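[1] Fold the following.
(4 chains)
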Amino acid sequence: MNSPGLEHYLIFAALLFCIGLYGIVTRRNLIGMLMSVEIILNAAALNFVAFHRFKFGGDVAGAMFPLFIIAIAAAEAAVALAIILALFRRKRNLDVLSDNLLKN
Amino acid sequence: METLIFYTTAFFILAAAGYVVTTMNIFRAAIGLTGVLAGIAGLYLLMNAQFLSAVQITVYVGGIMVLIVFAILLMPEASMHLRRENPKWFRFIGGVSAALVFAVLAYSITAFIGAQDAAGTSLEPAAASIREIGLALLSPGGNGFVLPFEFVSVVLIAALIGATTIAKRTPNPETKEEQE
Amino acid sequence: MTGYWFLDHLWLVPLLPFIGFIVTGLFLGSSARRTSAWTAIAAVGLSAVCGWGAAFEYFSEFNGEALVTFEFPWIEFSSSLTGNAGILADRISILLVLVVTTISFLIHVYSQGYMHGDRGYRRFFAFMNLFTFSMLGLVLSSSILEIFVFWELVGLSSFLLIGFYWERPAAVAACKKAFIVTRFADLGFLIGLLVLSYHAGSFDFRELNSPDTINHLAGITAPFFGCSILTLSALLVFAGAAGKSAMFPLHIWLPDAMEGPTPVSALIHAATMVVAGVYLVARLFPMFSATTAGIDLVMWTGAFTCLFAALIAITQVDIKRVLAFSTLSQIGYMMLALGVASMDESLGYTASMFHLTTHACFKALLFLCAGSVIHAVHSNDVRDMGGLRKKMPITHFTFLIACLAIAGVPPLSGFFSKDEILAAALHSGEYAVFAIAATAAGLTAFYMFRIYLLTFWNAPQDKQRYDQAHESPLSMTFPLVVLAVPSALLGIVPFSDFVHISELEHHATNWMVVGVSTTLGLCGIALAFLFYFKPNQWPARFAFAFSGIYKLVFRKFYIDELYIFITHKIIFRSISRPLNWFDRHIIDGFMDLTAQSARRLGAWLRKTATGGAQVYLLWSIAGAGVTMLALHILGAGIVVVALSGVGAAAVTVFIFQFTLQLLNKSEPLKRIEID
Amino acid sequence: MLENILTIGNELGLIILALTVLAIGFLRKHSAAGYLGWSVAVAGLALLSAWLFISPAIDKAAFGGVYQTGPAPVFFKQLFIWAALLITMLSYPGKQSSNVLPYRHISEYLGLMLFSVSGMCLLVSAQELVMLYVSLELITIPVIMLVAFNRNDPRSHEAGMKYVFFSALSSGLLLYGFSWVYGLTGSTLLPEIRDIIDSSPIAVTALVLIMAGVGFKLAAVPFHLWAPDTYEGAPVTITAFLSVASKAAGFVLFYKVVEGFFVDTAVTYITLTGVLATLTMTIGNLVAMHQRNMKRFLAYSSIAQAGYVMIGLSQPELLGKTAVMYYLLVYLFSNLAAFGIVTLVALRSGREDMRDYAGFSITNPKLALVMMLSMFSLAGIPPLAGFMGKFILFAAAAQAGLYWLVFAGTVNAIIALYYYLIVVKWMYIMKPENGKPRIGPITTPAPHAIVLAVTTLAILLVGILPIFLEWAKSCAAGGF
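    Just a heads-up that it's a prediction; the model follows:
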């Protein structure tokens, strides 16, 4: 076993990204979908760090990007949860597919 | 040793992520997600990004996860158990799409790494120190991030105001809807 | 600057009706009926005065030169390609200015009486002024881009005027049909314009018609079809011209357009707008004549429409529809004449413009007379008329003059212009075209006298209508009398001295042509007298003997049915419905190709996915994934073929679905009866 | 440092304005607070617009080059501020309380919108990936909440839910694409990336990922599905904001990260944008035909309109850029005129269905005329502004030799004409049931009247006066 290099991290992040994609389309629970989004964002952040660590050590941007991703993920989560809460008050459930008023 | 840690953590994260997207209990999914986030913090440590790792733990696990768990607890009757799942065919198509994306990504990554090796680019293992990050964050120059840093605060204010406005309980939503 | 007042101020000619439109349309209240009518009439009248002044100056001083008397840069695409807007004065634009302003003025006067008591009186005059403005802008345009703008604007005002009686569903269907069919044709024009101006590096007509540009364009091979850029753009531009001039197979809108008020039919759908296509071909004539395919297409389209429409006209019982088909046929003549001309042998060009002018006079006159009759008997159907000559002497007399003119009886105007066309066809050596044109001339005489006799002679068919019929007021009969003068006498004007594109050799009068056309015309008239002068059994017997052909002709060769068959039976069943289904279900839900039957699939889809956010997300992710995969594995070329194939199929399917909707909404076919 | 701050004065001004409006909101107890906040927003936006006009539009960098202003950015900033100004005026807090617009929280509503506009202005000037990402979220997050803002309408929350998940997914895809761009080039500065990036397989993958992210913003097929639902559920003024300002921001983003990065992979780039444009306009048009809810109808119409604009994207020369910018200007006015009418009607009568417009021309002849003009402009009838916009787009495509794209565009323009005429038909031709129009005479408040007058004038004049095209062209020449 050689020590983990760039390609290991990249493939791992790609896997994580795809699990997130799978989650967002299969979870019917709104909070579950939100969690899948977080997984996708983490995969992207991991990519940045890996590139920074293994390829562009001199450039600080790779280490910086994840910070911003985390900050904005917090804002996004707060907003999403507020909407989910408001929606829950009306429907009394968190099923994404139930009681759709907007269609066709 | 590093290799072993990497594979263990990676396996753990993938398992936890898989659990997050498949379990029928939303609370357990939240715990799984905590595991994923913590595991990624571990990977950051492994890549010498200590500051990021700390931020990941404090903000993500300590902040966002708590928010999510609060939300779950606020809506208990509907969220603990997911009675309904998407039908099999739907999950199947979702899986196929995700697998498709992964296949393309894997192919591209292989090509990318291959090209790197062929070009003989040496991979310089290095990482920015906390000091470098801190300086860059507040530097107004070409390599600085002070502008986005300040604007993130605007995003947070906007999110705060909006979220409170929306999530605020209306005096009596039911009667209001009936009046319409 | 030419130093001549009217030519320098030629921009006044379109501007005055525009001011009239603004004043009547926006500033006058709907109660100001009289004021609005007189404002509109005054605007067009002044414009006519300016037009005549300019014509006098032009033909006496500048015969032949193309003058741009007013110009400003409008759109700058690049430093080398700038679209100017300007006023172009040359032989044909001045000619058309005369025709448009004069006839428009007379029709405005006529409408003042005809539309009396109509609810939308002011609106009518506002739209008529708008149309006159657009049409004058069209003929005076100095660049192809400018002409396109006015081209669409006349389409828009025609749309508004056909749908003037918007309470009537038939009028609404007709105006939409007209608008959309011509827009379809304009698609060709627009693409042609883009191709042409991009390669020629100019929008200006003087540039486009210069021999250098034409040679340059002829030398470039188009990226597809293997023809030259010149041919390609000529064909595309002709598509637009054919749409506006209602050439086969884009003619379907014109007969329906008769739903508009009769003065509108006279002005727009007989005298002016429908000849815009002819005008456009004439405007770009040097370009067209340099490409064999283009000029042949013009010729054969014209010849076919000429005969085809004349045949249909024989069977129609609605007086306005007969005139509409007659218009189609006569415009076919003009196209045909342009088609047989060339830069060396340009008799056809002159003949075409000559026929355009005489036709504008006598066809406007025919429509106005028809309007006068309709006004009197409150019906469009010739079977409700008969014997009206005593009741309406002025209308009768002017209608007779117009009929004689269109039938080509010497020495009326139509005789001269039609003979010139026939002579041009014969000279060019296109004997088949000559034969078609001559046949159509005979048919024209027949169907015109058929409605003339049925309307004014024969026995009164409807006692009640006959009794209440009366001659129209002076405001309506005055334009009739005025128009009758040029209809009768215009042939005497030495037209070819004024309008020609290259020097004409003076041929000796071709007595053979004169003989053939006069004989055929007189035969047609005689036949009409035999059938329709008095009530008799001839038509019925004739129709009985040839019932198959008669029916075929009566139903306009089943063209509409053919469209319906193709669109409804084939396209709708097998393509449109699935498309509709696609819209409703797939976009919103998700398709499973493995489902056993459509019914089960439908029920199942309803259960699983309706308006679900996740279905949308899934669709998007799958789309992105497939695109990535395709780009990597197949390469960009195949993706473009595959995806644009899908897109093209969708567009094609839509066009047919759309045609179907048009046809479903247009008026059903009239009763099959024998008059 | 002071100079840096002055350079970003436009964004700062917007943020200060937003905070002021929000602060006025704390005085909610006073009945005039809503009016005050509204007036401050209108005045502030007008001032900012005027300031943009008088400040010279020259290339100017700040913060070491991560922020860049110049003619093209100023053009777009002006566009965003005009859109915000017109939409703020349409959101005038009328006397009666309405359940269509969230007037009880007008300050929050306006404040969030101003935040979003500041994000758009920042986006135009951003020259760095992190800043691009932050400004993108600054645009999106306030809009998400504005979409879900109407607590009285359950559709509003659902629309917000759909929008939040789509934008989250889109920013996820975009970020992942960005990470690859970073991995390929080692830089986050756009000019550097432009120089370095190549056309390796991973670049193609990144192109698709980024294009997917941008496609969400543009509502391009197949990433358009959120748009109709969100547009229908959102408060009607926010629908206008989404379809005009947010979409224009999407085009800016496209120029920055898709055209800017991948234009060298020429075949792939032109293929993808061309095909996407064709699909977008075709599907938008085909589905729009069947819509009877005005907001949903305008949603599909704006999907189709975005498709037309994408024709201009597939021509990476100056004319293509000019065409896009000019069309966005034209589209701003044409679409806002239509939305002005729909807002007014929804506000005063609560009606959104197209069938309710039967007899509209009898009860409100002037409004019907404005609506008809805007429909004709959107359909591209000369000499209205919409025609000139389309013409230049098609001319751009023809110049690049993309005749199939011109053909697709013109065919679609005819399809579009058909369904825009349907609206005209309902207003002018259809007779209302029972002979009584559902929408009674509407009194137009002064701010609405001004918006309608301005947009109508623009529809009539932008196509005819050469100055607007000149302006778009001179700005396009500057680049981003």
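[2] drop to CA atoms for contacts and neighbour counts, all remaining ones
    Noted.
[3] Dump the C-alpha coordinates for the host helix or strand of D:L298 into CSV.
    Here D:L298 sits within helix D:294-313, counting by DSSP states H and E. Output of helix D:294-313 as CSV, limited to C-alpha atoms (Å, rounded to 0.1, in the frame of the first residue of the first chain):
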residue,chain,number,x,y,z
MET,D,294,-50.9,34.0,-15.9
LYS,D,295,-47.8,33.6,-13.7
ARG,D,296,-47.2,30.1,-14.9
PHE,D,297,-47.7,31.3,-18.4
LEU,D,298,-45.1,34.1,-18.0
ALA,D,299,-42.8,31.5,-16.3
TYR,D,300,-42.7,29.3,-19.4
SER,D,301,-42.6,32.4,-21.6
SER,D,302,-39.5,33.5,-19.7
ILE,D,303,-38.0,30.1,-20.1
ALA,D,304,-38.4,30.4,-23.8
GLN,D,305,-37.1,34.0,-23.8
ALA,D,306,-34.0,32.8,-22.0
GLY,D,307,-33.6,30.3,-24.8
TYR,D,308,-33.5,33.1,-27.3
VAL,D,309,-30.9,34.9,-25.3
MET,D,310,-28.8,31.7,-25.3
ILE,D,311,-28.6,31.9,-29.0
GLY,D,312,-26.4,35.0,-28.4
LEU,D,313,-24.3,33.0,-26.0
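[4] Any part of whichever helix or strand comes after that helix near chain C?
    Sequence-wise, the next helix or strand downstream of helix D:294-313 (DSSP H and E) is helix D:318-349. Yes - contact between helix D:318-349 and chain C is present through D:L319 (criterion: CA under 8 Å from any CA of the partner chain).
[5] so helix D:318-349 versus helix D:294-313, what angle?
    170 degrees (axes from the mean of the first three to the mean of the last three CA atoms, to 10 degrees).
[6] Point me to the helix or strand that includes D:Q68.
    strand D:67-69.
[7] Output the set of residues of chain A in proximity to chain D.
    Counting by CA under 8 Å from any CA, the residues of chain A close to chain D are A:33-34, A:37, A:40-41, A:43-45, A:47-48, A:51, A:55-56, A:59, A:61-62, A:65, A:68, A:72, A:75-76, A:79-80, A:83-84, A:86-87, A:90, A:100-103.
[8] same thing but at 6 Å, please
    Taking CA under 6 Å from any CA of the partner chain as the test, the list of chain A residues beside chain D reads A:40-41, A:44, A:48, A:51, A:56, A:87, A:102.
[9] quick one: low-confidence parts of chain A?
    Along chain A, the model assigns pLDDT under 70 to residues A:1-2, A:93-104.
[10] give me the residue from it nearest chain D.
    Proximity of chain A to chain D (CA to the nearest CA) peaks at A:A44, 4.7 Å away.
[11] correct me, but that residue touches D:Y176?
    Yes - if you go by CA atoms under 6 Å, A:A44 and D:Y176 touch, sitting 4.7 Å apart.
[12] that older thread, so the strand holding D:Q68, near chain B or not?
    No - judged by CA under 6 Å from any CA, strand D:67-69 stays clear of chain B, getting no closer than 8.6 Å.
[13] avg pLDDT for that strand?
    Throughout strand D:67-69, pLDDT has a mean value of 87.
[14] Name the residues that touch the helix holding D:L298?
    Contact partners of helix D:294-313, identified using CA atoms under 6 Å, 6 or more residues apart in numbering or on different chains, comprise D:228, D:232, D:277, D:280-281, D:284-285, D:288, D:291, D:320, D:323-324, D:352-354, D:393.
[15] cutoff 7 Å now
    Residues from elsewhere that reach helix D:294-313 (CA atoms under 7 Å, 6 or more residues apart in numbering or on different chains): D:218-220, D:227-228, D:231-232, D:243, D:273-274, D:277-278, D:280-282, D:284-285, D:287-288, D:291, D:320-321, D:323-324, D:327, D:352-354, D:393, D:396-397, D:409.
[16] same deal with stretch D:437-447?
    Residues outside stretch D:437-447 that contact it (CA under 7 Å, 6+ apart): D:89-90, D:92, D:348-349, D:356-360, D:363-364.
[17] Pull out the buried positions in that stretch.
    Within stretch D:437-447, the residues that count as buried by 16 or more other CA atoms under 10 Å in any protein chain shown are D:437-439, D:441.
[18] Same list (those) but as a markdown table, adding pLDDT.
    A markdown table is the format used below for those (pLDDT from 0 to 100):
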| residue | pLDDT |
| --- | --- |
| D:P437 | 81 |
| D:R438 | 80 |
| D:I439 | 81 |
| D:P441 | 84 |
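[19] And those residues, which is closest to C:Y4?
    Among the buried residues of stretch D:437-447, D:P441 lies closest to C:Y4 (CA to CA), at 53.4 Å.
[20] Wasn't the closest one part of a helix?
    No - according to DSSP: H, G, I helix; E, B strand; the rest coil, D:P441 belongs to no helix; its state is coil.
[21] In the helix or strand harbouring C:L145, which residues are buried?
    Under the criterion of DSSP H and E, C:L145 resides in helix C:144-162. The neighbour-count check on helix C:144-162 (16+ other CA under 10 Å) flags C:144-162 as buried.
[22] Which parts of the chain are helices?
    All of this refers to chain A. A:6-26, A:30-54, A:61-91 (DSSP state H).
[23] should've been chain B
    Using DSSP H, helices in chain B cover B:2-22, B:26-46, B:50-55, B:65-74, B:76-79, B:88-119, B:130-137, B:146-167, B:173-179.
[24] In PDB, could you pull the C-alpha coordinates for the third one?
    This means helix B:50-55. The C-alpha coordinates for helix B:50-55 follow below in PDB (Å, rounded to 0.1, in the frame of the first residue of the first chain):
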ATOM      1  CA  GLN B  50      -5.900  21.700  11.400                       C
ATOM      2  CA  PHE B  51      -7.700  25.000  11.300                       C
ATOM      3  CA  LEU B  52     -10.200  23.800   8.800                       C
ATOM      4  CA  SER B  53     -10.700  20.700  10.800                       C
ATOM      5  CA  ALA B  54     -11.500  22.700  13.900                       C
ATOM      6  CA  VAL B  55     -13.900  24.900  12.000                       C
END
